[in-house]
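Enquirer: Test case, fold it:
(one chain, ligands or ions: 1)
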Amino acid sequence: KSTGGKPKFRHPRGLYVLFSAEMWERFSYYGMRAILILFMTTDAAQEGLGLTTETAGAVYGLYTASVYLMTLPGGWLADNIFGQRKAVFYGGVLIMIGHLILAIPGSPMIFFTGLAFVALGTGLLKGNISTLVGELYENEDGAKRDAGFSIFYMGINLGSFVGQILVPLLAEYNWHLGFGLAAVGMLLGLISYKFFAPKYLGDIGMVPKVKQLEKTGKTNKKGTYAIVAFVLVLLVVLQFTGSIDVTTATGIAQALGLIIVVITMGYFLNILFNGGLSVPEKKKVSVIFILFVGIAIFWSGFEQAASSLNLFARDFTDRFIGGWEMPAGMLQSFNSGFIIIFAPIVGAIWVKLAARNINIRTPFKFAVGLILLGLGFWVMVEAAHVAASGAKAGMFALILTYFLHSIGELTISPVGLSATSKLSPRKYLGQMMGIWFVGAALGNLIAGLIGGNFDPENVLEMPNIFLNVVWVSVGAGLIFFAASPFIKKWMGDVT
Ligand code: GLN
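Expert: Numbers count the residues shown, from 1 in each chain. Below you'll find the model as predicted:
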């Protein structure tokens, strides 16, 4: 198949076409996300939506979770109907329309409609564009492909970095100008994709997968129905006993969290018992489940960057540099900035260690990532104590937190993704990669719900909110650490 470049000595040119499209998409996604909760919680008198923090946190969680959940139907549509190439393009168009709708000042309903467009569009674009990156390389080209993905990850963070600087800056003048800029970013991505993809991507992703691949693994129908019925009954019971209230945004978010947890567990049980797997395969699938739990916990802390930490930046952080006050949302850009700087360094460290025959295994890396996440939140506990005393915390606290979280992201996220793909039985590969995004969805949802507990009127509670996150993440890290020898055994030949 033609990939349009010379894959022998350098990366195929198509990589840079996808790099650019994804860079602009992330520019719009993270740029907009940097002002999202700030806009929702700002009074209507200052042109905000005037929602309570609780509702805004729930909407943030629902929106960011949907973005990642939608990659499941997005992947299915590409595999069965459109092919990846068209799916990416249509996705970009929906995203742009979504941001344009957000740029219209108006009622919350108009605003939520815009969010829905962005979520649907991202579902079509995000997973499928990564699939296209993978297809640029021949199957034997494992190391090259990994290097390609590292370059692609740079594009992601370059776009995020610039978006998180420019969109919050513009939003200082007018929120909707900020949303509009996100639309312009996506438009630039679409133009370059439309123009260069036919030239440099050859024919990859043109034909839906279903027409070329072996049969995918099927889970049994009865199991699926049983799980769905169980979730429904559970929700009805919880609603009537008053444990959740699905007529509120928070209740919907809690219900979605429950649905994700139960369905994922059911899915794994179904594969383990009815999936026709050998014992070593079952062990590997169990490890994927354990990694899923780890990554979901990680994102549920990490993705508070744009919920609770963003509110903390706005309300309790001294953001003055000389006479200029940095917009709160702009602090978001430190994460992508750190990733751009440290991704090559962390990568080189693994290679150096491997050269000395020290191979740090996946569960150990998960332990490190989770503990770094906890340390970051511990810094926030201290900062929250300062805020509780009535002073403002220095910007350094958030920057240090983002630094620790970024190094955590680098030890956990790329590693987990590649381990999942290697551990998965071939016929379930697509579904297992989907599970990876479900982990991100669940994490984002919880991050929004935790952010909703943030109450600017009740500063004294704040250290506790962050302290709970410290306990959970450090605790999970220690469990990974202790379980590491067993997990290693179950991973078998996968390193
Ligand atoms: N920042 C990365 C991206 O946008 C990873 C985010 C995630 O998987 N939660 O692709």
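Enquirer: Now the stretch 51-200 of the chain against the ligand: closest residue?
Expert: Nearest residue of the stretch 51-200 of the chain to the ligand: I156, at 4.7 Å (C-beta to the nearest ligand atom). Quick note: C-beta positions are derived from backbone N, CA and C, even for glycine.
Enquirer: Just the CA atoms of stretch 241-259, as CSV, please.
Expert: Extracted C-alpha coordinates of stretch 241-259, given in CSV (Å, rounded to 0.1, in the frame of the first residue of the first chain):
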residue,chain,number,x,y,z
THR,A,241,-34.4,5.5,47.1
GLY,A,242,-33.2,9.0,46.6
SER,A,243,-29.5,8.1,46.3
ILE,A,244,-29.2,9.9,43.0
ASP,A,245,-31.4,12.4,41.3
VAL,A,246,-31.3,12.1,37.5
THR,A,247,-33.2,15.4,37.0
THR,A,248,-30.1,17.3,38.0
ALA,A,249,-26.8,17.6,36.1
THR,A,250,-24.9,16.1,39.0
GLY,A,251,-27.4,13.2,39.1
ILE,A,252,-27.0,12.5,35.4
ALA,A,253,-23.2,12.6,35.8
GLN,A,254,-23.3,10.2,38.7
ALA,A,255,-25.6,7.9,36.8
LEU,A,256,-23.3,7.9,33.8
GLY,A,257,-20.4,7.1,36.1
LEU,A,258,-22.3,4.1,37.4
ILE,A,259,-23.2,3.0,33.9
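Enquirer: residues making contact with that stretch?
Expert: The contact list for stretch 241-259, computed with C-beta atoms under 8 Å, 6 or more residues apart in numbering, reads 54-55, 57-59, 61-62, 65, 231, 234-235, 238-239, 442, 445-446, 448-449, 452.
Enquirer: which sections of the stretch 101-250 of the chain are below the confidence cut-off?
Expert: Residues of the stretch 101-250 of the chain that meet the criterion pLDDT under 70 lie in 211-220.
Enquirer: Up against the ligand, what does it have?
Expert: I156 (C-beta under 6 Å from any ligand atom).
Enquirer: What ranges does the stretch 101-250 of the chain have for its helices?
Expert: Counting by DSSP state H, counting those that start in this stretch, the segments of the stretch 101-250 of the chain that form helices are 108-135, 142-173, 175-200, 221-240, 249-274.
Enquirer: could these be laid out in CSV, adding mean neighbour count?
Expert: Formatted as CSV, the helices of the stretch 101-250 of the chain follow (neighbours: other C-beta atoms under 10 Å):
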stretch, mean neighbour count
helix 108-135, 22
helix 142-173, 20
helix 175-200, 20
helix 221-240, 13
helix 249-274, 18
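Enquirer: okay, those in JSON lines with distance to R426 next?
Expert: Shown next, in JSON lines, are those (distance: least, C-beta to C-beta, whole Å):
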{"stretch": "helix 108-135", "distance to R426": "14"}
{"stretch": "helix 142-173", "distance to R426": "15"}
{"stretch": "helix 175-200", "distance to R426": "29"}
{"stretch": "helix 221-240", "distance to R426": "21"}
{"stretch": "helix 249-274", "distance to R426": "13"}
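Enquirer: For V368, which of the ones you listed is the nearest?
Expert: helix 142-173 (18.8 Å; C-beta to C-beta).
Enquirer: What is that closest one packed up against?
Expert: Here helix 142-173 touches helix 14-41, helix 108-135, helix 175-200, helix 333-355, helix 395-423, going by 3 or more C-beta pairs under 8 Å, 6 or more residues apart in numbering; DSSP states H and E.
Enquirer: which of the contacts of stretch 241-259 count as buried?
Expert: Among the contacts of stretch 241-259, those classed as buried by neighbour count (16 or more other C-beta atoms under 10 Å) are 54-55, 57-59, 61-62, 65, 231, 235, 238, 442, 445-446, 448-449, 452.
Enquirer: ok and the residue in this structure nearest the ligand?
Expert: When C-beta to the nearest ligand atom is the measure, the chain has its nearest residue to the ligand at A440, with 3.9 Å between them.
Enquirer: for that residue, what are its contacts?
Expert: By C-beta under 8 Å, 6+ apart, the residues touching A440 are Y68, I295, W299.
Enquirer: again, 6 Å this time
Expert: A440 is in contact with Y68, W299, counting by C-beta atoms under 6 Å, 6 or more residues apart in numbering.
Enquirer: what's the answer for V346, then?
Expert: Contact analysis of V346 by C-beta under 6 Å, 6+ apart lists L410.
Enquirer: that older thread, and A384, which of the helices and strands packed on helix 142-173 is closest to it?
Expert: Short answer: helix 395-423, nearest of the helices and strands packed on helix 142-173 by C-beta to C-beta, at 9.1 Å.
Enquirer: Next, the angle from the following helix or strand past that closest one to helix 395-423.
Expert: Following helix 395-423 in sequence order, the next helix or strand is helix 429-452 (DSSP states H and E). Relative orientation of helix 429-452 versus helix 395-423 (axes from the mean of the first three to the mean of the last three C-alpha atoms, to 10 degrees): 160 degrees.
Enquirer: quick one, helix 429-452 and helix 249-274 angle?
Expert: Note on geometry: by the same axes, to 10 degrees, helix 429-452 and helix 249-274 are set 150 degrees apart in direction.
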